[in-house]
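Chemist: sequence first, then the predicted structure, then my questions.
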Amino acid sequence: MPSLARLAALLGGLVFCASAMAADVDAESYGYPLANPFEATIATTPPELRPELPADGDIRQSDYSVRLRPDREFELLDNFWPVTKLRYRLAQQNGRAPLIFIISGTGAHYASGTTEYLKKLFYGAGFHVVQLSSPTSYDFMAAASRSATPGYSPDDADDLYRAMQAVRAQHPKLEVSEFLLTGYSLGALHAAFVSQLDETRRAFDFKRVLLLNPPVNLYTSISNLDKLVQTKVQGIDNSTNFYDLVLGKLTRYFNDKGYLDINEAMLYDFQQSKEKLSNEQMAMLIGTSFRFSSADIVFTSDLLNRRGLITPRDYHITESTSLTPFFQMALRCDFDCYIAEQLMPMWRARYDGGSLNQLIEKSSLYALEDYLKGSDKIAVMHNADDLILGQGDIGFLRSTFGERLTLYPRGGHCGNLNYRVNADAMLEFFRG
């Protein structure tokens with residue numbers, strides 16, 4: 001199971017003519033080799049097609065922490081003591097340089113694989129880089145979120161903005177020429193809301209903002225990923241579950257290789273082997289990874305708010321308490337369940353909110369349509385075959401962003417972020 005957990009952690013998310021045409025990239029000239037969106041999402045880019053990046057030892061970086069919720073130090077249970085302060089990572093250049101904030105995707109820690117990759121890419125190009133956890137990660141929920149109930153994007157953005165201000169205040173001697181912002185997957189949606197917030201608060205006055213594979217309709221994206229868990233997979237019956245099947249394939253693969261090493265390069269190589277996963281198996285793997293992230297949100301939000309839905313209110317939890325039974329219960333609560341039992345009640349109590357459709361509208365890119373249409377500093381890079389997109393989403397992106405949308409034909413969900421062509425395009429955008 002530890003190997004499967006590491007594997008899941010790596011997966012760390014109609015056409016309509018607009019007056020200004022998006023930059024559509026055709027498959028032949030693009031050159032990205034994986035036409036299967038499930039495979040691209042899991043295996044990402046072949047190692048030989050990735051950009052050169054600085055080694056960890058060549059990056060001047062450290063982890064820091066800020067106290068955003070002093071009250072949590074007295075409210076949190078014993079097993080949450082490591083996250084009473086919000087941790088983040090700062091990579092800094094020698095001297096004056098642009099500073100870019102990176103917001104991680106669903107459930108992702110600030111040092112997750114994709115965030116680390118983006119840090120290396122931007123640091124190698126001469127930027128200071130700050131890596132932030134997602135508002136849906138347990139550490140951010142505990143240390144920075146006011147409600148500890150992520151999912152309402154304006155609130156999540158406000159929590160992020162306060163964290164970013166605290167980070168900047170903690171490094172007054174850092175020489176910054178300008179501020180930049182990016183995020184991937186759910187972090188890209190959050191980046192859009194943070195950018196709008198900054199228009200009035202003006203703490204950063206971001207020069208450029210890049211949204212990488214954002215959900216358009218948050219509920220559609222969540223539903224698409226949740227449905228993958230329900231995929232019918234050949235070979236799974238009452239005596240053989242999905243995890244047995246995948247672990248069996250991985251075991252045979254590593255026996256043939258002669259060593260154990262789970263990373264993105266291995267996943268690409270694995271998909272070229274005789275043990276490769278079928279489309280149905282890959283769909284189930286992606287869906288399962290998302291369900292683990294959802295369960296973490298369900299469990300953490302319930303526990304921090306003492307709602308008693310997963311963990312009984314009077315149940316005393318210590319560092320030695322096994323959380324497995326509670327997490328198993330949280331796994332049975334999908335995102336619809338989380339919305340109905342935790343997010344909607346919080347939203348209605350705090351903001352006198354109305355229907356589910358209103359919550360979805362206020363938490364998706366739709367809520368920012370006018371702002372996004374009129375803000376030349378914001379651009380989007382997305383994939384036509386992204387698993388999180390629904391009917392009409394690409395049309396919305398075209399009509400809203402026009403020529404500021406770059407639409408790649410392949411890549412699945414964030415699978416081509418580490419492709420050289422994409423890397424060059426990101427750097428070109430931020431360099432102006």
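Modeler: Nice, I can see it.

Chemist: what residues are up against residue 226?
Modeler: 287, 290, 291, 294, 334, 335, 336 (CB atoms under 8 Å, 6 or more residues apart in numbering). For every residue, glycine as well, the C-beta is placed using N, CA and C.

Chemist: which two in those residues are spaced the farthest apart?
Modeler: Greatest spacing in the contacts of residue 226, by CB to CB: 287 and 336 (14.0 Å).

Chemist: who's more crowded, those two?
Modeler: A count of neighbours by other CB atoms under 10 Å puts residue 287 above the other of residue 287 and residue 336, at 21 against 14.

Chemist: centre of the chain to the helix or strand where that one lies, how far?
Modeler: Under the criterion of DSSP states H and E, residue 287 resides in helix 279-305. The chain centroid and the centroid of helix 279-305 are separated by 13 Å under CA atoms, centre = their mean, to the nearest Å.

Chemist: just stretch 363-383 next, same as before
Modeler: 18 Å.

Chemist: quick one: buried residues of that stretch?
Modeler: 363-365, 367-368, 371-372, 375, 378-383 (16 or more other CB atoms under 10 Å).

Chemist: now swap in stretch 35-50 and tell me
Modeler: Applying 16+ other CB under 10 Å to stretch 35-50 flags 36-46, 49-50 as buried.

Chemist: among these, which are in helices?
Modeler: Counting by DSSP state H, the part of the buried residues of stretch 35-50 found in helices is 37, 38, 39, 40, 41, 42, 43.

Chemist: neighbours around the residue lying closest to residue 348 once chain neighbours are set aside, how many?
Modeler: Nearest in space to residue 348, with sequence neighbours left out and distances taken as CB to CB, 6 or more residues apart in numbering, is residue 354 at 7.7 Å. Residue crowding around residue 354 was assessed by other CB under 10 Å; the count is 12.

Chemist: could you check the distance from residue 354 over to residue 287?
Modeler: 30 Å (CB to CB, to the nearest Å).

Chemist: can you pull the poorly scored residue ranges out of the stretch 1-150 of the chain?
Modeler: Across the stretch 1-150 of the chain, the ranges flagged by pLDDT under 70 are 1-22, 72-83.

Chemist: rounded mean pLDDT for stretch 345-356, please.
Modeler: Predicted confidence along stretch 345-356 averages 93 (mean pLDDT).

Chemist: contact partners of it?
Modeler: Residues contacting stretch 345-356 (CB under 8 Å, 6+ apart): 147, 149, 152, 219, 339, 344, 359.

Chemist: quick one: which of these has the most company?
Modeler: residue 149 (25 neighbours).

Chemist: what about the nearest residue to that residue once chain neighbours are set aside, neighbour count?
Modeler: Distances taken as CB to CB, 6+ apart put residue 346 closest to residue 149, at 4.5 Å, once the chain neighbours are dropped. Residue 346 has 19 neighbouring residues, counting by other CB under 10 Å.

Chemist: circling back to that earlier point, mean confidence score for the helix holding residue 287?
Modeler: Mean predicted confidence for helix 279-305 is 82.

Chemist: for that helix, buried residues please.
Modeler: Those would be 280-305, for helix 279-305 by 16+ other CB under 10 Å.

Chemist: ok, now stretch 157-165?
Modeler: 157, 158, 159, 160, 161, 162, 163, 164.

Chemist: and the first one, which of the three is it?
Modeler: So the one you mean is residue 157. Under DSSP: H, G, I helix; E, B strand; the rest coil, residue 157 falls in the helix class.

Chemist: which ones are touching it?
Modeler: 190, 193, 194, 196, 197.

Chemist: about what we covered before: mind putting the buried residues of stretch 363-383 into JSON lines with distance to residue 119?
Modeler: Output for the buried residues of stretch 363-383, formatted as JSON lines (distance: CB to CB, whole Å):
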{"residue": "363", "distance to residue 119": "27"}
{"residue": "364", "distance to residue 119": "28"}
{"residue": "365", "distance to residue 119": "25"}
{"residue": "367", "distance to residue 119": "29"}
{"residue": "368", "distance to residue 119": "26"}
{"residue": "371", "distance to residue 119": "28"}
{"residue": "372", "distance to residue 119": "26"}
{"residue": "375", "distance to residue 119": "25"}
{"residue": "378", "distance to residue 119": "21"}
{"residue": "379", "distance to residue 119": "20"}
{"residue": "380", "distance to residue 119": "21"}
{"residue": "381", "distance to residue 119": "18"}
{"residue": "382", "distance to residue 119": "22"}
{"residue": "383", "distance to residue 119": "22"}
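
Chemist: strands of the chain, residue ranges please.
Modeler: 23-24, 61-66, 86-91, 97-103, 128-132, 176-184, 208-212, 378-383, 405-408 (DSSP state E).

Chemist: let's have those in a markdown table, adding distance to residue 226.
Modeler: Shown next, in a markdown table, are those (distance: least, CB to CB, whole Å):
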| stretch | distance to residue 226 |
| --- | --- |
| strand 23-24 | 29 |
| strand 61-66 | 33 |
| strand 86-91 | 28 |
| strand 97-103 | 22 |
| strand 128-132 | 25 |
| strand 176-184 | 20 |
| strand 208-212 | 22 |
| strand 378-383 | 20 |
| strand 405-408 | 25 |
